[in-house]
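Student: what's the 3D shape of this:
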Amino acid sequence: MDKEKVLVAGANGTTGRMIIQLLKESNLYTPIAMVRTKEQNNRFEKDNVATVMADLTANLTEAVMDADKVIFAAGSKGKNVIAVDQEGAKKMTDAAQLAGIKKFVMLSSMGADNPSQSESLKDYLKAKQNADEHLRESGVPYSIVRPGQLTDNGPTGKIELKEKLNKAGKISRADVAKTLVEVLNDKVQNNTTFEIIAGEDEVAQAVL
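Tutor: The predicted structure follows:
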């Protein structure tokens, strides 16, 4: 069986690199790293990872042409919230729709359903909310993953998952990356939005 090609937006970020590694180790998928610079391009090519040069603030139609599925894990770290976190995600959704992408996995954030609850993160959460809504309305099959506060702890492989957790919590980037890859499956969490934090359930079981 041919492996499905997964385009990773934000491949060069901390979580993005973990996603790329998981896809490389997978029997089902093969990664395509979306990069902005020649330096990033060279780094991934050295690791035998296919790349595509594209910028979230520009046209993305070509970027998704060779992919079967998309993981959107890009973020501007608060520097360019509207152009990257909101409009970049919306552009990627539109390109995915045109290309007939089979599934779009969006890394969102807990709180994106109610941005006004956090004064400091309000603009970021509003951008994520707008991007999520655009994906839901696009007709592209999707999973929207909303983690709690991200940490750089090692992977536990265990999470707590609910549509709405109604509590705050933390989760490692490694466990978020694993969850994003797990829900690439067409039959898993299709057209759903859910929250995750560190928990007791194995990721593969929690997403079912």
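Student: what's next to stretch 116-123, contact-wise?
Tutor: Around stretch 116-123, the neighbours that count as contacts under CB atoms under 8 Å, 6 or more residues apart in numbering are 81, 109, 111, 115, 125. All C-beta spots, glycine's among them, are computed from the backbone N, C-alpha and C.
Student: how does it look with 7 Å?
Tutor: 81, 111, 115, 125 (CB atoms under 7 Å, 6 or more residues apart in numbering).
Student: what of stretch 175-182?
Tutor: Applying CB under 7 Å, 6+ apart, the external contacts of stretch 175-182 come out as 15, 18-19, 22-23, 26, 71, 73, 105, 107, 145, 147, 150, 155-157, 159, 188, 196, 198, 203-204, 207.
Student: also stretch 5-21?
Tutor: Applying CB under 7 Å, 6+ apart, the external contacts of stretch 5-21 come out as 23, 29-35, 40, 44, 49, 52, 56, 63-64, 66-75, 92, 173-174, 176-177, 180-181, 184.
Student: which ChimeraX command selects the buried ones in those?
Tutor: ChimeraX command restricting the contacts of stretch 5-21 to the buried ones, with burial defined by 16 or more other CB atoms under 10 Å:
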select :23,29,30,31,32,33,34,35,40,44,49,52,56,63,64,67,68,69,70,71,72,73,74,75,92,173,174,176,177,180,181,184
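Student: in helices, which of the contacts of stretch 5-21 appear?
Tutor: In helices, judged by DSSP state H, the following of these are found: 23, 40, 44, 92, 173-174, 176-177, 180-181.
Student: which is the next helix or strand following the longest helix along the chain?
Tutor: The longest helix of the chain (DSSP H) is helix 122-136. Counting by DSSP states H and E, the next helix or strand C-terminal to helix 122-136 is strand 142-147.
Student: and for that next one, what's in contact with it?
Tutor: Under CB under 7 Å, 6+ apart, the answer for strand 142-147 is 103-110, 112, 132, 135-136, 171, 176, 179-180, 183, 189-196.
Student: please point out which parts of the next helix or strand after it sit buried.
Tutor: Following strand 142-147 in sequence order, the next helix or strand is strand 149-151 (DSSP H and E). Of the residues in strand 149-151, Leu150 count as buried by neighbour count, 16+ other CB under 10 Å.
Student: for strand 149-151, packing partners?
Tutor: Contacts defined by 3 or more CB pairs under 7 Å, 6 or more residues apart in numbering; DSSP states H and E place strand 149-151 against strand 170-172.
Student: pull out the buried residues from the strand it packs on.
Tutor: Neighbour-count burial for strand 170-172 flags 171-172 (criterion: 16+ other CB under 10 Å).
Student: quickly run through the sheet partners of it, with directions.
Tutor: strand 149-151 (parallel) (DSSP bridges).
Student: ok so, going back, okay, and which of the contacts of stretch 175-182 map to strands?
Tutor: In strands, judged by DSSP state E, the following of these are found: 71, 105, 107, 145, 147, 150, 159, 196, 198.
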